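# this is a predicted model, with the sequence first.
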Amino acid sequence: MTDPPAAQPDRGAATTIALLAAATALALAPVLLDPIPPLADYPNHLARMHVIGAIGADPDLARYYDIHWRIIPNLVMDVVVPPLARIMDIYLAGRLYAATCLALVASGLCVLNRALFGRWSVLCIAALPFLYNRIFFLGYMNYWFGVGLALWATAAWIALRDRPWPWRLIVSTAFATALFFSHLFAAGIYGMILLAFELWRLAQRRAAPLGVRLVDFAATGLPFLPFIPLLLASPTLGLAGTNQWSLPAKLEGLYFAIDTYSDPIDFALVAILAALLAWTALRGELRMHPAGRVLIGLGTVVYLAMPNILFDTYVADERLPAAFLLVAMSFLSLRIGAGVARAAVTLLLFLLLAGRVAEVGTTWVALARQSSDVRASTRLIERGSRVLVGSSDQLSENEARDFALAHAACLAIIERSAFVANAFVFPGKQIMEARPAYRQIAELVDGDLPTIEQLAAASKTTAQPQGSGEYWRQWPRNFDYLYLMYTAPDEANPFPELLTQVYKGDRFKLYKIRKAEP
């Protein structure tokens, strides 16, 4: 791969933009069409959006939860979705937000590619199949919104790079501040891309005095100065000491960048795309922007150094390759002359995208029954009840197929104003909190669902140890209903003396907890 040539007039811009728009619309189809996308954390986040919007008029929600607005670098969904839910159904508002996250990434890599090379490129379609990956399936909604925003922010920085510096710094500061409130890790990605680009630019401007170049380079960090007072004022800073590095996670994160539901399809997609890129590179039609090489080296160092648990957040480093793959592809330029070759490459890219969308779409149709069943089961829960969620051990070979049920019980918060024990109320990470009277039976530290064995032991416990972290202690007394997720169809009632089954769904069961006579 050689350095990119100077920008030339983009005569086919209108056609290319139309192709990119059509490809993006195709990529968004699964999210827009599925009533409740089977993303692991998504129902939990959606429940919080409902509480934020409805708590003022719902005494049951107000009994269990508080909303405390604070400076937290994870707020964009909390700001955007509740106002949308005032004018539309909460489920539609959530889908529109999820689609916006993907649309920001898809459009952001296109505009960044345009800013780098001065023309629109159909090669951006090659990145769209990788919008769907294990990290997206985990439901990290604000992170993906932030990744898209980081791509747009970088494109704006490059477009303004040779214009008067106040404009560039003002725009970049606005983007950086928005990224802080979107997701702190996404803000870090923006900083990493800018650093790579400016390191390349610093080496290129040898004619300018070294002092001038260094001052200009150092000014790149000015938009990030507001992070200092924001972090100092944020309760999230108190989680900074919770870090953990993991070597196995590094290898896992690389696979997560391409992993969906079928290993053969994942590897076939990568192999075909790699063959296409290799073929065009040998023909001299594929080029990488020189700053892209700096970005690859810098990204590798950051990824190896980054902890797996950072700010008490899991999968911190494993998120990077999925976003980094999309960013790196925006630093590639494909120049194929008009004619059969260009049409063939464009058709192949669309076929690869269609294959990925078909794979995700058909799997989501199959998983939709689970979310629909959970939502139907919530109608049998008495309004304002307390709900515990446990886990059987009938897990899938592909973990992603279990994500539809991971936090689906939180739909009871939306449908029945219930207290759900594993709703996200983690101190310093969300603005929703459990009220003091219920904190002891709320999950305050992110962990796994209690197993049947743990519930069996806890049902015999007579005391609730302070600070034990086992919020399910004394669950027969503290909760009204129990969801058991990942059950087999013929799995028996594990506690017939305590539970009455009220709903049998696709891989889960809902039980009502029988209370002892006074």
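Looks like it arrived, so ask away. Numbering: from 1, shown residues only.
# where does the stretch 201-350 of the chain dip in pLDDT?
338 (pLDDT under 70).
# ranges for the helices of the stretch 401-518 of the chain?
With helices called from DSSP state H, counting those that start in this stretch, the stretch 401-518 of the chain shows them at 403-406, 411-416, 452-459, 475-478.
# starting at the chain centroid, how far to the third one?
Read it as helix 452-459. 33 Å (CA atoms, centre = their mean, to the nearest Å).
# for that helix, packing partners?
Judged by 3 or more CB pairs under 8 Å, 6 or more residues apart in numbering; DSSP states H and E, helix 452-459 is in contact with strand 386-391, helix 475-478. The way it works is simple: take the backbone N, C-alpha and C, and place the C-beta from them, glycine included.
# report all helices and strands that the first one contacts.
Packed against strand 386-391 by the contact rule (3+ CB pairs under 8 Å, 6+ apart) you find strand 419-420, helix 452-459, helix 475-478, strand 481-485.
# just put the helices and strands packed on helix 452-459 in a markdown table and tack on distance to A93, mean neighbour count and mean pLDDT.
As requested, these are arranged in a markdown table below (distance: least, CB to CB, whole Å; neighbours: other CB atoms under 10 Å; pLDDT from 0 to 100):
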| stretch | distance to A93 | mean neighbour count | mean pLDDT |
| --- | --- | --- | --- |
| strand 386-391 | 23 | 24 | 97 |
| helix 475-478 | 32 | 18 | 95 |
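# now for those, which one comes closest to K504?
Smallest distance to K504 across the helices and strands packed on helix 452-459 (CB to CB): 15.5 Å, for strand 386-391.
# wasn't V345 part of a strand?
No: V345: not assigned to a strand; according to DSSP: H, G, I helix; E, B strand; the rest coil it is helix.
# so what's the residue nearest to the spatial centre of the chain up against?
Nearest to the mean C-alpha position of the chain, by CA atoms, centre = their mean, lies Y140 at 2.4 Å. For Y140, the contact set (CB atoms under 8 Å, 6 or more residues apart in numbering) comprises 41, 183, 315, 319.
# could you pull out the helices for the stretch 51-200 of the chain?
59-64, 76-85, 90-117, 134-137, 141-159, 165-182, 184-204.
# mind checking which of these is nearest A274?
helix 90-117 (18.3 Å).
# the closest one versus helix 141-159: what angle between them?
30 degrees (axes from the mean of the first three to the mean of the last three CA atoms, to 10 degrees).
# which parts of the stretch 201-350 of the chain are strands?
286-288, 332-334 (DSSP state E, counting those that start in this stretch).
# strand partners (parallel or antiparallel) of the first one?
Partner strands for strand 286-288, per DSSP bridges, with pairing direction: strand 332-334 (antiparallel).
# how far is the partner strand from where the chain is centred?
So, by CA atoms, centre = their mean, the centroid of strand 332-334 is 27 Å from its chain's centroid.
# over to stretch 302-321?
The answer for stretch 302-321 is 14 Å, by CA atoms, centre = their mean.
# show residues contacting that stretch.
By CB under 8 Å, 6+ apart, stretch 302-321 touches 135, 138, 140, 143, 184-185, 189, 192, 236, 239-240, 242-246, 249-250, 252-254, 256-257, 299, 324, 426, 428-429, 446.
# so who does L160 touch?
167-168, 171.
# measure it to F180 for me?
20 Å (CB to CB, to the nearest Å).
# that older thread, deepest-packed of the helices of the stretch 401-518 of the chain, please.
helix 403-406 (a mean of 27; mean count of other CB atoms under 10 Å).
# any idea of the mean pLDDT for that one?
On average, the pLDDT along helix 403-406 is 94.
# kindly report the same for stretch 134-146.
Stretch 134-146 comes out at a mean pLDDT of 96.
# buried residues in stretch 147-165, which are they?
When burial is assessed from 16 or more other CB atoms under 10 Å, stretch 147-165 yields the following buried residues: 147-160.
# follow-up on the earlier one: to I36, which of the helices and strands packed on helix 452-459 lies closest?
Closest among the helices and strands packed on helix 452-459, using CB to CB: strand 386-391, at 16.4 Å.
# shouldn't W165 be in contact with A219?
Yes: contact status for W165 versus A219: in contact at 7.0 Å, counting by CB atoms under 8 Å.
# count of residues packed around L237?
15 (other CB atoms under 10 Å).
# for it, give me its contacts.
Counted by CB under 8 Å, 6+ apart, L237 has contacts L231.
# from L320, how far out is it?
22 Å.
# do S396 as well
Distance from S396 to L320, by CB to CB: 26 Å.
# which one's more surrounded, those two?
Between S396 and L320, counted using other CB under 10 Å, L320 has the larger neighbour count: 25 against 12.
# quickly note the distance from the more buried one to T451.
Taken as CB to CB, the span from L320 to T451 is 31 Å.
# okay, how far is it across stretch 124-133, tip to tip?
17 Å (CA to CA, to the nearest Å).
# from the middle of its chain, how far away would it be?
For stretch 124-133, the distance to the chain centre is 15 Å (CA atoms, centre = their mean).
# swap in stretch 364-380?
22 Å.
# re earlier: buried subset of the contacts of stretch 302-321?
135, 138, 140, 143, 184-185, 189, 192, 236, 239, 249-250, 252-254, 256-257, 299, 324, 426, 428-429.
# now stretch 26-37: average pLDDT?
According to the model, stretch 26-37 has a mean pLDDT of 96.
# okay, it in PDB with CA atoms only?
Provided in PDB are the C-alpha atoms of stretch 26-37 (Å, rounded to 0.1, in the frame of the first residue of the first chain):
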ATOM      1  CA  LEU A  26     -29.900  -2.200   4.800                       C
ATOM      2  CA  ALA A  27     -27.500  -2.400   7.700                       C
ATOM      3  CA  LEU A  28     -30.000  -0.800  10.100                       C
ATOM      4  CA  ALA A  29     -32.900  -3.100   9.100                       C
ATOM      5  CA  PRO A  30     -32.600  -5.700  11.900                       C
ATOM      6  CA  VAL A  31     -32.600  -3.000  14.700                       C
ATOM      7  CA  LEU A  32     -35.500  -1.100  13.200                       C
ATOM      8  CA  LEU A  33     -37.700  -4.100  12.600                       C
ATOM      9  CA  ASP A  34     -37.200  -6.000  15.800                       C
ATOM     10  CA  PRO A  35     -39.600  -4.800  18.600                       C
ATOM     11  CA  ILE A  36     -37.000  -5.600  21.400                       C
ATOM     12  CA  PRO A  37     -33.500  -6.100  19.900                       C
END
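# distance between that stretch and the chain's centre?
That offset, for stretch 26-37, works out to 15 Å (CA atoms, centre = their mean).
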